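Enquirer: Build me a model:
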Amino acid sequence: MLLVFLFLFPVVSNAVVSPGLPDFTDLVEEVSPAVVSVTVTLYGEPASRGQEEMPEIFKRFFNIPEHRGRDADPRQGQPGQQRFRPQRQGGGSGFIISANGYVVTNHHVVENADKIVVKLADNREFEAKLVGSDALSDIALLKIDASNLPILSLGDSDELKRGQWVIAIGSPFSFEQSVTAGIVSAKGRANGAQQYVPFIQTDVAINRGNSGGPLLNLKGEVVGVNSWILSSGGGYIGLSFSIPVNVASQTIEQLRDHGKVSRGLLGVGIEGVQTELAEVLKLDRPRGALINRIEDGSAADRAGLEVGDVILEFNGQPIERFSELPPLVGATPPNTKIQLLYNRWGKHKKLYVKLDELPTDSVAAEDDAATGTGLSNTLGLMVSGIDENLRRQGGLPKGGVLVAEVESEAAWRAGIRQGDIIMRVNQGKVSSLADFNKLVKSVRAGDTVALLVVRNGSPNFVAYQTEVK
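Expert: I've put the predicted structure just below:
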């Protein structure tokens, strides 16, 4: 036993140990003035006098929402006049990137908002204009009418290393200017709802309201935009995820200049390569992105790629995990010619592909009809569409949306779990993500909602009261 101890001791002692924890006080004082709180208001449709006098059971039958607020309108008593203007509020965090008022936050923070208010660290408040918002990166760009504002510098997220100290500043549960710290746990994490983002994983404490706030290195540079957490009950458990600033900055630039984001499209379905598959495909080891589907007429189809090919490099960038490919494709402008190195049954080949353009899920400020994946402020669920490869492999039913994350405690208590498939929202059938987003708009905070959920092939209705924020 003693020999084992002596053998192991020099290995452990070779590690570089910091003499103490870093002091963040000067850093926080320097960067905090450029961190803001974001409050959003969503207005409901006014209800007529006739609807308010309708018995509750008929309101539910006709899917008329229950209204809890009342406008101070002297015409309330007049039959047929509008009496109520229900509203709900939510919020998050953000940070200033230009002295003339450009503010960055999350797409899911401002999605469908009728009014956006930015509160500065000095307590001044400004109504913000939505310059543009992008669901696929979960980034939104706002503009406030102000000048000489403090700003944050953007760093280089590619330089981040595991174990590196980072801090987050934001407004969790509306506690403004809250500071938390931790380390980078991993890079390049995948999320089905934002497959074009290689997320930074940290153990920094992130909660509701932190969304959109900055993740900073010890130089005070923004290295990420805090986006989501993995949690069973909606609270922090040590798994926090941020959008790399290098991804965010590309999105911000396009939103500022065009109000939307353009991405490259290869037109393939991909999956990972397991050990058994690597042997069959004659790969030296499990790696790369295995093509299991090619869209007819797509860039990949025109270039001559085939099902069974394994993409090993994209423009010289090695692909170890299949989830690394979509961010690289998405970050490349449409109509760009790129080179792929791929394996075809043991033979390594190269070809050039001219990328198509991904149909955009970006939403410009004036586009009221756009939809996207993300957090539903009403249902408290993060959902995503289901691609045909996943549907086929999992034997999933036709239609529906996949629950990627359960944010609402009420939804969790009702039995909704990650991986469930939502087939109906109240009386409405969910055939696609667009259907889901449309149906959710009719659900108000505080309403009781019924969902038809499929889990392991078994359908089941669950109901819960949505949270009032």
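Enquirer: Beyond the lowest-mean-pLDDT helix or strand in the chain, next helix or strand please.
Expert: Least confident helix or strand, the chain: helix 56-61 with a mean of 35, by mean pLDDT, DSSP states H and E. Downstream of helix 56-61, the first helix or strand assigned by DSSP states H and E is strand 87-96.
Enquirer: residues making contact with the helix or strand just after that following strand?
Expert: The helix or strand immediately downstream of strand 87-96 is strand 102-105, counting by DSSP H and E. Contacting residues not belonging to strand 102-105 are listed as 36, 38, 92-97, 118, 128, 131, 139-144, 211-212, 225, 248, 252, 256 [C-beta atoms under 8 Å, 6 or more residues apart in numbering]. Using the backbone N, CA and C atoms, a C-beta is placed for each residue, glycine as well.
Enquirer: List the strands paired with strand 102-105, with their directions.
Expert: Counting by DSSP bridges, the strands paired with strand 102-105 are strand 87-96 (antiparallel), strand 139-143 (antiparallel).
Enquirer: Can you show me the helices along the stretch 101-250 of the chain?
Expert: Taking DSSP state H, counting those that start in this stretch as the test, the helices found in the stretch 101-250 of the chain are 107-110, 245-258.
Enquirer: Could you list the buried residues of the longest strand anywhere in the chain?
Expert: Secondary structure of the chain per DSSP state E: the longest strand is strand 178-189. The neighbour-count check on strand 178-189 (16 or more other C-beta atoms under 10 Å) flags Ser178, Val179, Thr180, Ala181, Gly182, Val184, Ser185, Lys187, Arg189 as buried.
Enquirer: Backbone torsions only: list them for the nearest residue to Leu230 once chain neighbours are set aside.
Expert: Take Leu230 and drop its neighbours on the chain: the residue closest to it by C-beta to C-beta, 6 or more residues apart in numbering is Leu239, 4.0 Å away. Main-chain torsions, Leu239, degrees, to the nearest 10: phi -120, psi 100.
Enquirer: For Leu239, which residues are in contact?
Expert: Neighbour list for Leu239: Ser185, Gln201, Asp203, Ile229, Leu230, Ser231 [criterion: C-beta under 8 Å, 6+ apart].
Enquirer: Grab the nearest non-local neighbour of the last one.
Expert: Read that as Ser231. Per C-beta to C-beta, 6+ apart, closest to Ser231 is Ile237, 5.4 Å.
Enquirer: can you map out the helices along the stretch 251-400 of the chain?
Expert: 275-280, 299-303, 325-330, 388-394.
Enquirer: deepest of those, which one?
Expert: Mean neighbour count, computed with mean count of other C-beta atoms under 10 Å, is highest for helix 325-330 among those, reaching a mean of 22.
Enquirer: That one: how far from the chain's middle?
Expert: Relative to its chain's centre, helix 325-330 lies at 16 Å (C-alpha atoms, centre = their mean, to the nearest Å).
Enquirer: Just the CA atoms of that helix, as PDB, please.
Expert: Only the C-alpha atoms of helix 325-330 are listed here, as PDB (Å, rounded to 0.1, in the frame of the first residue of the first chain):
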ATOM      1  CA  LEU A 325     -20.600  19.900 -38.500                       C
ATOM      2  CA  PRO A 326     -23.800  22.000 -38.400                       C
ATOM      3  CA  PRO A 327     -22.200  25.000 -36.700                       C
ATOM      4  CA  LEU A 328     -19.500  25.100 -39.300                       C
ATOM      5  CA  VAL A 329     -22.000  24.800 -42.200                       C
ATOM      6  CA  GLY A 330     -24.300  27.400 -40.700                       C
END
